[in-house]
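Student: build me a structure from this.
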Amino acid sequence: MKAINPFVRQRDFNRASRPNFAAFAPHRARVLHLLETLAATTPTPNSLCILGAGNCNDLDLPRLTALWSRLRLIDIDLEAMRSGLTHQLGASVPPHLELTTCDLTGALEHLHELIHTPTSAALARLRHALLQTPAPTQIPERFSAVASTCILSQLTDLIRHALGPASPHLDPLAGLARLQHLRTLAELTAPGGHLLLLADFVSSDTLPALRHAAEEELPALMNQALSQGNHFIGMNPWHIHQDLTQPPLANLWAAPPSLSTPWRWNLGPRTYLVTAIQCRKRQRI
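Tutor: Take a look at the predicted model:
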């Protein structure tokens with residue numbers, strides 16, 4: 001199958017998942033609990049920035065707009081975000097909720113180039129783009145909390161789609177995209193603020209036991225999968241945690257990053273395993 005434009009691929013993904021609001025309910029409740037906990041520990045006025053909002057199916061917008069003094073949603077697909085707002089809020093979108101369109105990687109044009117012209121020069125341009133952090137440049141404000149809601153797996157999958165699963169450049173470039181995303185989160189977080197990354201890292205396609213495992217079995221299932229290298233490209237939570245505890249990010253945190261107990265995200269034909277990685281930025285760096 002011929003690879004398609006990365007933006008079109010992402011837009012089509014959002015359109016396909018748009019009707020799944022009801023199916024997202026248990027996962028949405030998990031996300032809300034994490035964000036409620038952050039809001040409870042953040043002095044008001046507070047602010048929350050969410051990367052990869054998409055259709056907002058995993059976000060309880062009425063509750064979040066009540067919890068946070070400012071709420072900014074970021075995604076490359078403005079149509080998807082507007083659709084999500086209409087579905088949940090109707091015409092009553094509060095003025096403190098803002099939308100920003102942004103290519104978080106700054107690399108979609110280079111991925112598109114690689115699909116059609118897979119040269120060393122195109123690879124070099126992609127690598128250079130992944131060393132930048134376009135979102136903090138585009139958005140001057142900093143936030144009490146910044147959350148990435150299962151978007152990193154989609155970003156690394158765009159790289160896999162453009163390069164092909166057998167490319168020798170895939171693993172290092174996915175690692176570079178992961179580090180870029182963590183830097184973006186860190187740069188958007190105000191001193192003393194919270195960083196939250198939700199990572200969907202394996203599915204029932206390669207871990208069939210995930211479908212029927214008891215809730216208390218999920219941590220062992222997670223350890224088994226990761227020990228066997230059974231995870232999406234660039235999405236091993238242990239590696240994400242390691243990136244946060246090594247330069248250039250290691251000295252930013254008031255305490256070591258924490259990794260949550262995993263939970264199951266059921267999406268019809270496929271079930272995902274998700275974990276949350278959280279840390280708090282120092283007041284002074």
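
Student: all strands of the stretch 51-200 of the chain, in order?
Tutor: With DSSP state E, counting those that start in this stretch as the criterion, the stretch 51-200 of the chain has strands at 70-75, 97-101, 143-149, 189-203.

Student: partner strands of the longest one, parallel or antiparallel?
Tutor: Within its sheet, strand 189-203 is paired with strand 143-149 (parallel), strand 270-280 (antiparallel), according to DSSP bridges.

Student: nearest to residue 39, of those?
Tutor: strand 143-149 (7.6 Å; CB to CB). All C-beta atoms are positioned from the backbone trio N, CA, C, and that covers glycine.

Student: what lies in contact with the closest one?
Tutor: Residues outside strand 143-149 that contact it (CB atoms under 8 Å, 6 or more residues apart in numbering) are 31, 34-35, 38-39, 42, 46-53, 58-59, 68, 70, 72, 181, 185, 188-190, 193-198.

Student: turn the strands of the stretch 51-200 of the chain into JSON lines, including mean neighbour count and distance to residue 89.
Tutor: Below are the strands of the stretch 51-200 of the chain laid out as JSON lines (neighbours: other CB atoms under 10 Å; distance: least, CB to CB, whole Å):
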{"stretch": "strand 70-75", "mean neighbour count": "23", "distance to residue 89": "11"}
{"stretch": "strand 97-101", "mean neighbour count": "15", "distance to residue 89": "8"}
{"stretch": "strand 143-149", "mean neighbour count": "25", "distance to residue 89": "18"}
{"stretch": "strand 189-203", "mean neighbour count": "22", "distance to residue 89": "22"}
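
Student: export those strands to TSV and append columns for mean pLDDT and distance to residue 212.
Tutor: What follows is the strands of the stretch 51-200 of the chain, written out as TSV (pLDDT from 0 to 100; distance: least, CB to CB, whole Å):
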stretch	mean pLDDT	distance to residue 212
strand 70-75	98	33
strand 97-101	97	39
strand 143-149	98	26
strand 189-203	98	14
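
Student: make a markdown table out of the ones you listed and add distance to residue 63.
Tutor: Formatted as a markdown table, those follow (distance: least, CB to CB, whole Å):
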| stretch | distance to residue 63 |
| --- | --- |
| strand 70-75 | 11 |
| strand 97-101 | 12 |
| strand 143-149 | 14 |
| strand 189-203 | 16 |
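
Student: how about these, which one is nearest residue 238?
Tutor: strand 189-203 (9.7 Å).

Student: turn the strands paired with strand 189-203 into JSON lines, including distance to residue 157.
Tutor: Output for the strands paired with strand 189-203, formatted as JSON lines (distance: least, CB to CB, whole Å):
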{"stretch": "strand 143-149", "distance to residue 157": "15"}
{"stretch": "strand 270-280", "distance to residue 157": "13"}
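
Student: residues touching residue 106, list them.
Tutor: Applying CB under 8 Å, 6+ apart, the residues contacting residue 106 are 129-130, 132-134.

Student: among these, which one lies nearest to residue 22?
Tutor: Nearest member of the contacts of residue 106 to residue 22, counting by CB to CB, is residue 134, at 34.1 Å.

Student: how many residues are close by the closest one?
Tutor: 16 (other CB atoms under 10 Å).

Student: excluding chain neighbours, what is closest to it?
Tutor: In this structure, residue 134 finds its nearest non-sequential neighbour in residue 106, 3.9 Å apart by CB to CB, 6 or more residues apart in numbering.
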